[in-house]
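**Student:** how would this look folded up:
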Amino acid sequence: MPINYRWIFFILLFFDYQATAKDQKDMPVRLVMIGLSHGHSHWIFQEEYQGNFELVGIHEPNAGLIHQFKERYKLDDALFFPDLDKMLDELQPDGALAFGPISEHLNVVRACAPRGIHVMVEKPLAFSLDHAKEMEQLAKLHQIHLLTNYETSWYPTTDAISNYVKNSEAGLGPLRKAVFHHGHKGPKEIGVGPEFLEWLTDPEKNGAGALIDFGCYGANIMTTLMQGEIPVSVMAITQTYKPEVYPLVDDEATILVEYKEAQAIIQASWNWPFDRKDMEVYGTKGYCIALDKQKLKTRFEGEHRETLNLINIEDTGTQSNPFEVFGSVIQGSVVMSEFGLYTLENNLLVVEILSAAIESAKSGKRIYLKEKNSIYE
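**Tutor:** Numbers count the residues shown, from 1 in each chain. So this is what the prediction gives:
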């Protein structure tokens, strides 16, 4: 039988392709960081957040901040690029992390999307509907992933509650009310860096104060729990208890989000006596109260008392490293669930809720989303 060299060629080509694909999948994802002023930018340099990725470049215009990071983390001068476009063109990274003012998120996407560079911004996606819509258009046009990172996305209790809500047989019953408590004593009071404090308390760069900084957490989680249902209306009350510290923005905000058959009460504050990231979720047959990222109290129909559960990442499969999550999404080994915590569709709705809350706080009126030309209409 004559040897069919054509088939041998195709077989060898197939195995070479498979090996190359595997090698590419196993290679570290190459990331750049755009901005260092957000307090959470330190995470990527800490040992507990290392993984199958490599930070290959940083763009930060503040020379003093660059010096601080170089000294603290012993970073090489070659890692820093004064020109954003040059960094992106020279390095051609897989993904970019935005850790600057929220108002700059759009510019990051404008720079990265046409180059095919995926983006993950620190929460929230934006505070402006116009910004959010343009970011969505750019991401879809250039087929990039655009994720938003929240610390509460790494909490096993967040996933555990989501599973209770999704599973009709778990004992919670249909969701009726959720109450979210997020915040701390205040950014100045807890000692955030001056570069972070400068834009966090600037309504042009942050959109508002506590309303944006911590109201976004509850809006994000509730959007997942409600599987992307558009709220009927949003009402908000904001106050500034410390005008001598925060003269331009609120330090206290309560947001009421109305759904057809449920409510969310989002309490965002720079006045809590202690740091808080906890929530309560009530169904028709029971409730779940997340005290922190691991402790979860539950009580269901037929039970006479609460049960305190200790939830670990092994119980829920929660990914506690956001940079690993971003890299896995880029590589295609992780596919986000619809209206998942990181997803673009979730965070577009978060922006809509926050934007309505800002408008409501200013006008004193309930804002009906469908009358505002909703993103999803």
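
**Student:** distance check, residue 242 against residue 188.
**Tutor:** 9 Å (Cβ to Cβ, to the nearest Å). The way it works is simple: take the backbone N, C-alpha and C, and place the C-beta from them, glycine included.

**Student:** any idea how far residue 47 lies from residue 75?
**Tutor:** 15 Å.

**Student:** looking at those two now, which is surrounded by more residues?
**Tutor:** residue 75 (15 against 5; other Cβ atoms under 10 Å).

**Student:** who touches the more buried one in this structure?
**Tutor:** Contacts for residue 75 (Cβ atoms under 8 Å, 6 or more residues apart in numbering) come out as 45, 58, 69.

**Student:** mind listing the helices for the stretch 251-377 of the chain?
**Tutor:** 313-316, 322-331, 344-363 (DSSP state H, counting those that start in this stretch).

**Student:** output stretch 361-374 as PDB, nothing but the C-alphas.
**Tutor:** The C-alpha trace of stretch 361-374 is given here as PDB (Å, rounded to 0.1, in the frame of the first residue of the first chain):
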ATOM      1  CA  ALA A 361     -31.100  62.000  45.800                       C
ATOM      2  CA  LYS A 362     -30.800  65.300  43.900                       C
ATOM      3  CA  SER A 363     -34.500  65.600  43.000                       C
ATOM      4  CA  GLY A 364     -36.100  63.900  46.000                       C
ATOM      5  CA  LYS A 365     -38.200  61.800  43.600                       C
ATOM      6  CA  ARG A 366     -38.600  58.200  42.800                       C
ATOM      7  CA  ILE A 367     -37.000  57.400  39.400                       C
ATOM      8  CA  TYR A 368     -38.700  54.900  37.200                       C
ATOM      9  CA  LEU A 369     -36.100  53.200  35.100                       C
ATOM     10  CA  LYS A 370     -38.300  52.400  32.000                       C
ATOM     11  CA  GLU A 371     -39.100  56.000  31.700                       C
ATOM     12  CA  LYS A 372     -35.300  56.800  31.500                       C
ATOM     13  CA  ASN A 373     -34.700  55.000  28.200                       C
ATOM     14  CA  SER A 374     -33.200  52.000  30.000                       C
END
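
**Student:** and the pLDDT for residue 300?
**Tutor:** At residue 300, the model reports a pLDDT of 96.

**Student:** that one reaches residue 286, doesn't it?
**Tutor:** Yes: counting by Cβ atoms under 8 Å, residue 300 touches residue 286, with 3.5 Å between them.

**Student:** which neighbours do the two share?
**Tutor:** By Cβ under 8 Å, 6+ apart, the residues touching both residue 300 and residue 286 are 171, 172.

**Student:** so which of the contacts of residue 75 is the closest to residue 367?
**Tutor:** residue 58 (39.1 Å; Cβ to Cβ).

**Student:** what sits against that closest one?
**Tutor:** 32, 33, 34, 36, 66, 69, 75, 79, 80, 81.

**Student:** my guess is the fourth one contacts residue 101, does it?
**Tutor:** No: in terms of Cβ under 8 Å, residue 36 does not count as a neighbour of residue 101; the distance is 11.6 Å.

**Student:** the two: which has the busier surroundings?
**Tutor:** residue 36 (24 against 21).

**Student:** show the pLDDT at the closest residue to the more buried one other than its chain neighbours.
**Tutor:** Spatial nearest neighbour of residue 36, excluding adjacent residues (Cβ to Cβ, 6 or more residues apart in numbering): residue 60 at 4.4 Å. We note a pLDDT of 97 for residue 60 in this prediction.

**Student:** where's residue 60 relative to residue 54, distance?
**Tutor:** Taking Cβ to Cβ, one finds residue 60 at 18 Å from residue 54.

**Student:** tell me which of the two has more neighbours.
**Tutor:** residue 60 (22 against 14).

**Student:** please tell me I have it right and residue 292 contacts residue 276.
**Tutor:** No: in this structure residue 292 lies outside contact range of residue 276 using Cβ under 8 Å: 9.0 Å.

**Student:** so which of the two has more stuff around it?
**Tutor:** residue 276 (18 against 13).

**Student:** which one is the more buried one nearest to, not counting chain neighbours?
**Tutor:** residue 181 is the one closest to residue 276 (Cβ to Cβ, 6+ apart), at 4.7 Å.

**Student:** kindly report the same for residue 62.
**Tutor:** Leaving aside its sequence neighbours, residue 62 sits nearest to residue 195 (Cβ to Cβ, 6+ apart; 6.0 Å).

**Student:** secondary structure element for that neighbour?
**Tutor:** Assessed by DSSP states H and E, residue 195 sits inside helix 194-200.

**Student:** which helix or strand lies directly C-terminal to that helix?
**Tutor:** Counting by DSSP H and E, what follows helix 194-200 is helix 203-206.

**Student:** dump the residue contacts of residue 288.
**Tutor:** Contact analysis of residue 288 by Cβ under 8 Å, 6+ apart lists 160, 161, 164, 172, 280, 281, 296, 297, 298.
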